[in-house]
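Everything below, folded, please.
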Amino acid sequence: MYKNKIVLLLVIILFTTFNSYSQCAMCKAVVENGDISIAEGVNNGITYLMIFPYLLIGVLFYTLYRYKKKAKN
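Numbering: from 1, shown residues only. Modelled structure (predicted):
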């Protein structure tokens, strides 16, 4: 029963989205000039920076998986 509530809560959190339009002052000033290529560059840079935490977490979980698999044998 308790496990079902946790799973339900996680599903709700994962599939609930909120729109937010917050930027640092510098990014906002650059994007407000109206130059599309600069705005795309800022967005690409943000996406590029977001990839690394996910890669680090993935490597960590893969390492833990290998360690536990090796410990079982």
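
Helix or strand with the lowest mean pLDDT in the chain?
helix 25-31 (a mean of 72; mean pLDDT, DSSP states H and E).

Okay, helices next: where are they in this structure?
Using DSSP state H, the helices of the chain run over residues 2-15, 25-31, 36-72.

Now tabulate these in TSV and tack on mean neighbour count.
Any C-beta I mention is one placed from the backbone N, CA and C, and that applies to glycine too. Output for those, formatted as TSV (neighbours: other CB atoms under 10 Å):
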stretch	mean neighbour count
helix 2-15	9
helix 25-31	12
helix 36-72	10
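
These: lowest mean pLDDT?
Between these, the lowest average pLDDT goes to helix 25-31, which shows a mean of 72.

Now residue 38: closest residue in space that isn't a chain neighbour?
residue 30 (5.7 Å; CB to CB, 6 or more residues apart in numbering).

Surely the one you found touches residue 42?
Yes. Under the contact definition of CB atoms under 8 Å, residue 30 touches residue 42, with a separation of 6.1 Å.

ok so, going back, who are the packing partners of the least confident helix or strand of the chain?
When contacts are defined as 3 or more CB pairs under 8 Å, 6 or more residues apart in numbering; DSSP states H and E, helix 25-31 sits against helix 36-72.

The helix it packs on: how far from the chain's middle?
Between the centre of helix 36-72 and the centre of its host chain there is 8 Å, according to CA atoms, centre = their mean, to the nearest Å.

That one packs against which elements?
Using 3+ CB pairs under 8 Å, 6+ apart, helix 36-72 is in contact with helix 25-31.

Need the CA coordinates for the helix it packs on. CSV is fine.
Extracted as CSV, the C-alpha positions of helix 25-31 are listed here (Å, rounded to 0.1, in the frame of the first residue of the first chain):
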residue,chain,number,x,y,z
ALA,A,25,19.6,39.2,-16.5
MET,A,26,22.4,38.8,-19.0
CYS,A,27,20.6,36.1,-21.0
LYS,A,28,17.4,38.1,-21.1
ALA,A,29,19.2,41.2,-22.3
VAL,A,30,20.9,39.3,-25.1
VAL,A,31,17.7,37.6,-26.3
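
I'd like the distance from it to the chain centre, please.
The answer for helix 25-31 is 22 Å, by CA atoms, centre = their mean.
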